[in-house]
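A.B. asks: Curious how this folds, go ahead:
(chains A and B)
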Amino acid sequence: MPSISQLYQKHRQRRLLWLGLFTLLLIPAAYFIMLSGAAEISGQQLWQSLLAVREGSAHLVIWQIRLPRLVGALLGGASLALSGTVLQAVLKNPLAAPTTLGIAQGAAFGAALGITCSGLRDSLPALQGGFSGLDESALVSFFAFSFSLLTTFIIILLTRLRRAGKESIILAGVALSSLFMAGTTFLQYFADETQLAMIVHWTFGDLARASWPELYLMGVVTICSMIYFFANRLNYNALLAGDEVAQSLGINVVRLRLISMSVATLATAVTVTFFGILGFVGLIAPHMGRRLVGSDNRYLLPLSAILGALILLFADILGQFLLDPVALPAGVITSFLGTPVFLLLLFGRRSS
Amino acid sequence: MGVKFKDLSFDYGGRPVLEKISCQLTAGRIHAVLGVNGAGKSTLIKLLAGFLKPVGGSIFLDDNNLNELSLNQIAKRIAYVPQQQQLSDLTVSDYLLLGRKPHQRWLNGSADEAIVFAILEKLHLNHLALRPLHKLSGGELQKTALARALVQEPEILLLDEPTSSLDLKNQHEVMEIIVRETTTRNLTTIITLHDVNLALRFAKSFLLMKERKILAFGGLEVMTQKHLSELYEIKVQLHNLEKSVLVTPE
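C.D. replies: As a prediction, this is how the structure comes out:
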């Protein structure tokens, strides 16, 4: 009969197997996204362009369009999924996610405000001095980022209030989302046709939006947040045993919760600022991961990150083919698929 | 390691819960904290665990003031088991590994795992090693929580009503584990209990708390009819049995 130690190692290997399997799945998904798009590019051209040839239209498409989209999907998916996993862990609420806390909606409102201000700046010379250093897209990003941080700040302020329970924070997030959505609608009502189109387009999360400099910034934020989250994986496990037990294990629970929420929302804010709203990724990836490896954050955090990236890659590829030749933004697909997948996870779990 | 508290006071938003209580609890024995609901038993445990900061007085672990120790230093010395355990899908082994948290820096080493497996074996919980917490019975859950605290290798064990939701068999099994580990590890075990008979059977020292103060503290000699009647605000009778004393309402 095998010893407990052997059984435990087997159990651990099974969870690592899931991690390995989904990491491997990233390879065909990445290959596929590199080949899909308006311009026909063969596998041979792809490898040549990546490894040797540094000129021609194929090289341009691969390096300026396809590769940023792939990197964007990997970083954005991982960042949103990790943020969702950590928010769910620290708030002990399976509904916690960047979209349910209103961070994404705050960014959308900020972007709408940025687009409107940008229009006003062009038409009113008196306003031109205000943001003279920023071009239009930078101005929109600045506003989107500021408002997602503002939402973060409000949420963190609420967690600091003694009376605010963990459930109240989600409800406050829902209320904030409604407020920001109302604000966006208000701005849309007064926007001219071009601005309206820009605002609506911004809210569709689109992986094609980010360019290399933005991806570098996103990469730095995502990797730093990943390191922080992974360093605290055992602390998040301890929170599963309750706040008092976690504190009795030497963890400063209040500080952990505060910093984790700040890092998670910062990572989300950066992603949403550059890509727009990519609904449900931060909510679904942790739930899918939990079904496969359980709540142990040593395995759940990396698996969620991989699943988040896979979801975005899949959504982007599906968007390319679903209404060909029209390419749907990944955000539309994640929002459409998110609801049934989430319901399936929710009720599937109950029935099991 | 013993625990000493001197002139310890605490209040919740101005409402006093403990008023200048002092006591010294020695190692190697179980100290049962008894009293009616609201007497301040759980508050005392939370103060000793470092969750609450006293508004007056001090707590000493040997010669170290608890307030001057870091959370991790406290965690290396004091383990705490709450009344209700939080359920999750962590396996029993992974849950027990949490107990090694104060002693590790980055990874769970094989030495940590060996400690966990040894405790599982000692408490006859081997068969539960890979079972998720939410699939455990009440008794199994409480023993697992106790095992997690022991994995922490503390010098002081704080237990808040560890038997309150258990049947008779599990109450005795849990208490027997506590007695055995307290003796073999020379722990200072402080336990709040509602069941005075369970306390009489397993504890060696009794801290009787009434209206924010200590009514009496000592060995079996303080468990008198007068003290217990005053403590529980009901007349009680003490019956001397072969192995222990039984308390019943008059």
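A.B. asks: closest point of the stretch 251-352 of chain A to chain B, which residue?
C.D. replies: When distances are taken as C-beta to the nearest C-beta, the stretch 251-352 of chain A reaches nearest to chain B at residue A:294, 4.6 Å away. Placement of C-beta: from N, CA and C, glycine included.
A.B. asks: wait, isn't residue A:266 in contact with residue A:220?
C.D. replies: No. With contact defined as C-beta atoms under 8 Å, residue A:266 does not count as touching residue A:220 (11.4 Å).
A.B. asks: Comparing the two, which residue is more hemmed in?
C.D. replies: residue A:266 (20 against 12; other C-beta atoms under 10 Å in any protein chain shown).
A.B. asks: That one sits in which helix or strand?
C.D. replies: When elements are assigned from DSSP states H and E, residue A:266 belongs to helix A:253-275.
A.B. asks: Can you tell me which residue is spatially central in chain A?
C.D. replies: Most central in chain A under C-alpha atoms, centre = their mean is residue A:80, positioned 2.4 Å from the mean C-alpha point.
A.B. asks: wait, doesn't that residue sit right on residue A:284?
C.D. replies: No. Residue A:80 sits out of contact with residue A:284 when judged by C-beta under 8 Å, with a separation of 9.8 Å.
A.B. asks: Tell me the residues of chain A that contact chain B?
C.D. replies: With the criterion set to C-beta under 8 Å from any C-beta of the partner chain, chain A comes near chain B through A:3-5, A:7-8, A:11, A:231, A:234-235, A:237-238, A:240-242, A:244-245, A:247-252, A:290, A:294-296.
A.B. asks: Let's see which of these end up in helices.
C.D. replies: Among these, the members falling in helices (DSSP state H) are A:4-5, A:7-8, A:11, A:231, A:234-235, A:237-238, A:240, A:244-245, A:247-248, A:290.
A.B. asks: Show me the shaky parts of chain B.
C.D. replies: For chain B, residues meeting the criterion pLDDT under 70 lie at B:106-108.
A.B. asks: where along it do the strands fall?
C.D. replies: Using DSSP state E, the strands assigned to chain B run over residues B:3-12, B:15-25, B:29-34, B:56-61, B:64-65, B:78-81, B:156-160, B:188-192, B:205-210, B:213-218, B:236-240, B:245-249.
A.B. asks: quick one, the last one and strand B:236-240 angle?
C.D. replies: Between the direction of strand B:245-249 and that of strand B:236-240, the angle (axes from the mean of the first three to the mean of the last three C-alpha atoms, to 10 degrees) works out to 150 degrees.
A.B. asks: so what does strand B:245-249 touch, helix or strand wise?
C.D. replies: Using 3 or more C-beta pairs under 8 Å, 6 or more residues apart in numbering or on different chains; DSSP states H and E as the contact criterion, the neighbours of strand B:245-249 among helices and strands are helix B:196-202, strand B:236-240.
A.B. asks: Any stretches of chain A with poor pLDDT?
C.D. replies: For chain A, the stretches flagged by pLDDT under 70 are A:119-135, A:162-166, A:348-352.
A.B. asks: Indicate the residue of it located nearest to chain B.
C.D. replies: When scored by C-beta to the nearest C-beta, chain A has residue A:250 as its residue closest to chain B, at 3.3 Å.
A.B. asks: Apart from its chain neighbours, what residue comes closest to that residue?
C.D. replies: In space, not counting the residues next to it along the chain, residue A:250 is nearest to residue B:75; the distance is 3.3 Å by C-beta to C-beta, 6 or more residues apart in numbering or on different chains.
A.B. asks: Can you name the residues that contact that neighbour?
C.D. replies: Shown here is residue B:75, whose contacts under the criterion C-beta atoms under 8 Å, 6 or more residues apart in numbering or on different chains are A:248-250, B:101-102, B:152.
A.B. asks: Go through chain B and flag its longest helix.
C.D. replies: Chain B, longest helix under DSSP H: helix B:168-185.
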